[in-house]
Each structure stands twice: as structure tokens, then as C-alpha cells.
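A.B. asks: here's my sequence, what's the structure:
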Amino acid sequence: MTVEQLLARQGDGSGRRRAARRAADAAPERGSSPGELPVHRAAARVEPADRDDAPAVRAGLPPVPGAVRPPAAAPVVQPGLPPVPSAQPGLPPVPDASPGAQAGLPPVPGRNPAAWAPDERPSRRSGPIPPLPGLAIPPAPPVSPTPRRRPERPPRSPGRRRAVRAAIALVGVLGVIVLYHLALYFYVDQRIDRVDALAVDGPEVLAPDLQDAVETYLVVGTGIPGQTGAASVATLVASVSADGDRAVLVSVPPTALIDTPVCRTPDGDLRNPVTEAFASSLLDGGPACMVRAMQQLSGLRIDHYLGVDLARLPGMVDALGGVPVCVIPSDAVAAAAEPPPAGPSQLSGPAASGFLAPGDAGLDVTGAAVAERAQRLLTSTLRAAMSADTLLDPVTLTRFLNRASDALTVDEQTTLGDLRVLAGTLGDLSGDAVHRAGLPVAQVGYVPAGTDQAYVVLDRPATRALFDEMIDGARLPEEVLEAQRADSAADAAAAEAQAPATEAPAGPPPLTTAPGQITVDVLNGTGTTGLAGTVSDALRAQGFGVGAVGNEPGTVSQSVVRFGPGAEEAARTVAASVPGAVLEPSDAIGGAVQLVIGPGYSTVVPVEIGADVAPEPAVDTAAATPQPQAAEVRC
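C.D. replies: Next up is the predicted model:
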């Protein structure tokens, strides 16, 4: 079997085309001359059994009914090759091939070259296979995802529902309170007067890197009650360490003669350098000129400017319903027009005004006393405004902040938070953590030629040393602290020396009021239960009338006999019957007499009218000699 027949048997189209072309080339050679090659006999054999009317048979398949076998074609003979039958049973006929050419091969020399066309090949396409009847699988209907059911929660109990509603209501109320305070804070912060006063990069600032660890405030009080001109200004420089554990407060005399550098007034005009009183830099030049003058004098970098209208400060005190102040006896307190009693005091608006106003002008030449009083009152006022009672009272807080916004002036960078930090720091620090000093003075009452105004001349070397120490570590020079300790020791020694001279040589006068004429209230100031009732029975046994019996709301260190106006003689008789009791005048109880039983109580003793009283029980602490020293006062 030839290659062409094998390819034709396998159904290859290219083999059939090639065989057809060879058969076409071999057809005219059947009648060729004797010199040509003979045709292979096997190729010329024809099956005798083939008939035209025989059914068509395909290789490997049963015959197709009604189909007619095509007539057999003559075998194709190629020179030098065995004859190729034109058709084989069961296979499609081989198409005619052009003579002298083979499919996919170059033409045979001497043959027709046009018959070779390798690019012209028929393509066989297969159509889609139709589905078998009855075997087509219908598409499945879409399946919707089954939602996952969450386990049902048990219903909430009525108590739990009420608790949830109460919690939601509480959160809502707290949110409203917080929003109200925030809105009020921003409202007041925007309402406060602000000035362009700072010059942190001024050439007069010394060692700015060393001052990064401290915050320096320039606190200026104006409108001192009863004062005008330079005397109405009080200035205080407060230097607070970064961690808030110490502070230095230095007062500047308002009439100190200083040099003010070039500065800009509130109108935007430049002010030429001038030598003037320190307060004039503010009154004539404005806050920016005072800041530059302070930096020129000290070398400090002023980080915050705070101006307070002291004439409005009593109104701020009234808005809070009074301010608690710890009054420590000092020269500054003694120089006030109406000094409050030593120790804890509750100052009202009028009392605050009397505390700020100076008494004898000759006692405060440098202005240090009024500056100290203004600082203490301002600090106490701001601390009272930040207390929980005030913050939880919207009416009081709003009234105070409205008045504070009219009384305060700050620079453009200072906020209410900075003022809160200043007030909290100065209020929390005490003792050696806060150092106070005035600028060293070389001369008081200096009147330059050509003017009638008296000035204070500063001690320049000592002033420079003080400010250098502040720049280095927010503290005072050691020599200044030693001088302050020496002054305190001298004052204590003088008070002790004067104490014997002020004592009455003959003791208190005899008693004049009998116990039967006295009604006394008895209060228990100790932790012993029922002591007030026991003392009441003892007093009745001595002939005293007993009024109210109860407990003392405060604390006492010893037995005290309080008395109102006109009841001093009755109080002396009660004090004489209780050994160790002391007298204490009070305007809060009217004309009554109160006996507060304190630690150290022993018994009630009989008294004798007209007899001399021993000095110990008849001592009147209110009229006793010297004022207690600052170290003895505890607030």
C-alpha cells in the first residue's frame, strides 16, 4: 500500500488532494509511447463485484439504504509509482489532482506548475452538536440563600429597661452640661480684651535658652481704690517653674525710675525711648510699652500679660458670693485700709475693696504692699471660681465669667487655661515654695531737676543680681533669702520683748454678773458623746441657766466662751467657771453666750462674784498683745 493510500484510508484531506493531483497527471500517460514506463497492473484491476446499483458502503459503517455507490474511477497511475486507485470502498473519492503536482510538495519538473497551490486548501468546519432528545438537563432553578436566624434574646425586665433609660438620660444631661460649659468658655475667651503686648524676641531678653524652663507672667493691677495716677498701678512679676513646684513673685514700685525702649502704642505709633516712672510706661504707652520696659529692666522674657481692673475685682468677689482668703499677718496686710483678721476669712465685695485700698500712704512707698494684697485676692478669687461648687452652678459661673471678662485684659496668646494654671499654682504652693520680694531700693523720694514728681531709685547692682538668679533657676538670691529670715527673726524678738510690757500688772477686774443672771448655750466640740449634756447639768448645779445644747460644727483646740456685743461680763463669769476656757468675741451670735467644750476640759467650778479672777482663765485672746506671727497662722 502506498503512502497516499494510507493517508486516504485515514481520511486525511491533504492525502486525498495529493492523490487526486497525481491521478490527474497520470491520466494522459495511459496512451503514451512505448518508451515510457508501463502502468502497474495492480492499479488497473477493477473489482468485478462492484456494481453501480450496489448500496454505498463507508468503511467501518453499515451501508446507507437508498444510496448508490458511485461509479468506480480508473486507477490513477503516476510515472515511477504504483497506480493509485481513484476510490476505495467505504472512502470518499479522491479529488482530481493536477498532473505533475503533489499536495504540499513542489511541482515535478516537466509538469504543469500551476497545479500546485499549497495555500488553497479547503477547510472543514464542524457545526455545533445538537443535544440528544430526552437527555437535555433543564437548568436548576435559582436557590435563594437561607437567612441565618439569630437566637432570640430574652425580653428585658422592667427594672433593666428603666436602668437603661435612666443611663441614657444621665448621659444626655451630662452632654448638655459639658456643651454648655464649652460654649461658655469659648464665649468668655473671645469676649476678654486682648492686646498685642508681647515681644518674646526682643533684643533686651537675656539668655532666652535658660528661660525655656519657666513661664513668666506680668500681672498688672490698675484702678486701686482711692488712688490716682501712678499710685493706682500695682505690678507683679511671677516666674513659675516648668513643673510648678516653685514660684518667685517680685513687685515693682510704680514710681521706680526706669528706661523704656522703643515700643508701639495701641494706636500703632512708635514711641521713642524715654526715662520715666515704671507706671507711666503703661499709662502713657500701653501694655506693649510696659512689657518692653520690664524686659529692659530685668532681662526676663515675658510670656504672658495679665491686666486686672482692681476696681472691678470686688464685683467678681460678689458674683461668687464671697471668697475665702487666708490672711497671714504681714506688713502688706497691716498697710490695708481695712485689714481682715488673721487666719481664714470670708471676704465679701466691700471687704475686698477695703482690703485692696491702702491705709496710710506712708506705709507703702514702693507699692509692694498693695501688689501683694492684689495678688492674694486675685488668686483666691480665681481658685474659688474653679471650685466644684461654682462649676456645678451655671448661674453663678455665668455671672462671674461675665464680670471677669470685663475686668481682665490679656495678650493674644494667653487663654483662660493659662490663667487657671497660674491661679492653681500660686494657690497650691506655700511656705518655701513661694518666694516674695520687692526690688532693692537705693533712694526714696528722689526729685529730678526740673520736675516736682518724686521717684524711687532702684539699687541697680542688687536688682541685676536678683533678676540673674531668676533667669538661672526661678529663685531668689541666697543673700535676699537670708535678709528675709533675719527680718523675721528680728520681728519675732521684738514681739517677745514687748509682750511683758503689754500685760496688765494687776490682772483682770473682779466678776460682776452672777450665774443666775446668765443663760449659756453649751456645744460639744470634742469626740466624746454626751459631753454637752454632762456639762449642762454641772452648770445648772452652779446656778447658770442653760439654753441650747448641741454639737459644735467646727473644731476647737480648747474650750471657748463666745459672746456677742454687750455680753462680755456674762462671758467672763462663764469662763471663770470652766478652767482653761478662753473668751472669743463674735458678731454672729447676737447677744448670746456660748460655751464650746474643747480638748482639755476637766470640770465646772463655783465662782464668786466680786472676787479677783486668776489671770489664766480670764485671758482675752482677742485683746491679747501682739498679733500672731505668720508662722503661727495655719489656713
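A.B. asks: going by C-alpha atoms from here, please, whenever you check contacts or count neighbours.
C.D. replies: Noted.
A.B. asks: for stretch 367-380, output the C-alpha coordinates as PDB.
C.D. replies: This file holds the C-alpha atoms of stretch 367-380, laid out as PDB (Å, rounded to 0.1, in the frame of the first residue of the first chain):
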ATOM      1  CA  GLY A 367       3.800  99.800  96.100                       C
ATOM      2  CA  ALA A 368       4.900  96.300  97.200                       C
ATOM      3  CA  ALA A 369       2.200  96.000  99.800                       C
ATOM      4  CA  VAL A 370      -0.700  96.700  97.500                       C
ATOM      5  CA  ALA A 371       0.800  94.400  94.900                       C
ATOM      6  CA  GLU A 372       0.900  91.600  97.400                       C
ATOM      7  CA  ARG A 373      -2.700  92.100  98.500                       C
ATOM      8  CA  ALA A 374      -3.900  92.300  94.900                       C
ATOM      9  CA  GLN A 375      -2.100  89.100  94.100                       C
ATOM     10  CA  ARG A 376      -3.500  87.200  97.100                       C
ATOM     11  CA  LEU A 377      -7.100  88.400  96.400                       C
ATOM     12  CA  LEU A 378      -6.900  87.700  92.700                       C
ATOM     13  CA  THR A 379      -5.500  84.200  93.300                       C
ATOM     14  CA  SER A 380      -8.200  83.400  95.900                       C
END
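A.B. asks: what residues does it touch?
C.D. replies: The contact list for stretch 367-380 (Cα atoms under 8 Å, 6 or more residues apart in numbering) reads 221, 231, 234-236, 251-254, 310, 313, 323-325, 331-333, 335-336, 352, 355-358, 364, 423-424, 426-427, 438.
A.B. asks: which of those residues are buried, as a PyMOL select command?
C.D. replies: Here is the PyMOL command that selects the buried residues among those (16 or more other Cα atoms under 10 Å):
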select buried, resi 221+231+234+235+236+251+252+253+254+310+313+323+324+325+332+333+335+336+352+355+356+357+358+364+423+424+426+438
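A.B. asks: just the ones of the contacts of stretch 367-380 in strands?
C.D. replies: Gly221, Ala234, Thr235, Leu236, Ser251, Val252, Val323, Pro324, Val325, Gly438 (DSSP state E).
A.B. asks: redo the residues you listed as CSV? Include pLDDT.
C.D. replies: Below are those laid out as CSV (pLDDT from 0 to 100):
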residue, pLDDT
Gly221, 92
Ala234, 91
Thr235, 92
Leu236, 90
Ser251, 90
Val252, 91
Val323, 90
Pro324, 89
Val325, 86
Gly438, 86
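A.B. asks: ok, now which ones touch the nearest residue to Ala437 once chain neighbours are set aside?
C.D. replies: Closest residue to Ala437 apart from its sequence neighbours, by Cα to Cα, 6 or more residues apart in numbering: Val250 at 5.0 Å. For Val250, the contacting residues are Leu236, Val237, Ala238, Arg436, Ala437, Gly438, Leu439, by Cα under 8 Å, 6+ apart.
A.B. asks: how about Ile192?
C.D. replies: Ile192 makes contact with Ser405, Asp406, Leu408, Thr409, Val410 under the criterion Cα under 8 Å, 6+ apart.
A.B. asks: cross these against strands and list the overlap.
C.D. replies: Using DSSP E, those in strands are Leu408, Thr409, Val410.
A.B. asks: closest one of those residues to Leu210?
C.D. replies: Val410 (24.6 Å; Cα to Cα).
A.B. asks: check whether that closest one really touches Arg191, as I assumed.
C.D. replies: No - if you go by Cα atoms under 8 Å, Val410 and Arg191 don't touch, sitting 11.0 Å apart.
A.B. asks: more neighbours: these two, which one.
C.D. replies: Using other Cα atoms under 10 Å as the criterion, Val410 and Arg191 rank with Val410 on top: 22 against 16.
A.B. asks: identify the residues contacting that one.
C.D. replies: Val410 neighbours (Cα under 8 Å, 6+ apart): Ile192, Asp193, Arg194, Val195, His304, Tyr305, Leu306, Gly307.
A.B. asks: how does this protein divide into domains?
C.D. replies: Using automatic domain parsing, the domain ranges for the chain come out as 1-112, 210-476, 515-619.
A.B. asks: quick one: least confident helix or strand in this protein?
C.D. replies: Counting by mean pLDDT, DSSP states H and E, the chain has its least confident helix or strand at helix 41-44, which shows a mean of 40.
A.B. asks: what's the first helix or strand after the longest helix along the chain?
C.D. replies: As assigned by DSSP state H, the longest helix anywhere in the chain is helix 158-191. Following helix 158-191 in sequence order, the next helix or strand is strand 193-195 (DSSP states H and E).
A.B. asks: average pLDDT for that next one?
C.D. replies: Taken as a whole, strand 193-195 carries a mean pLDDT of 91.
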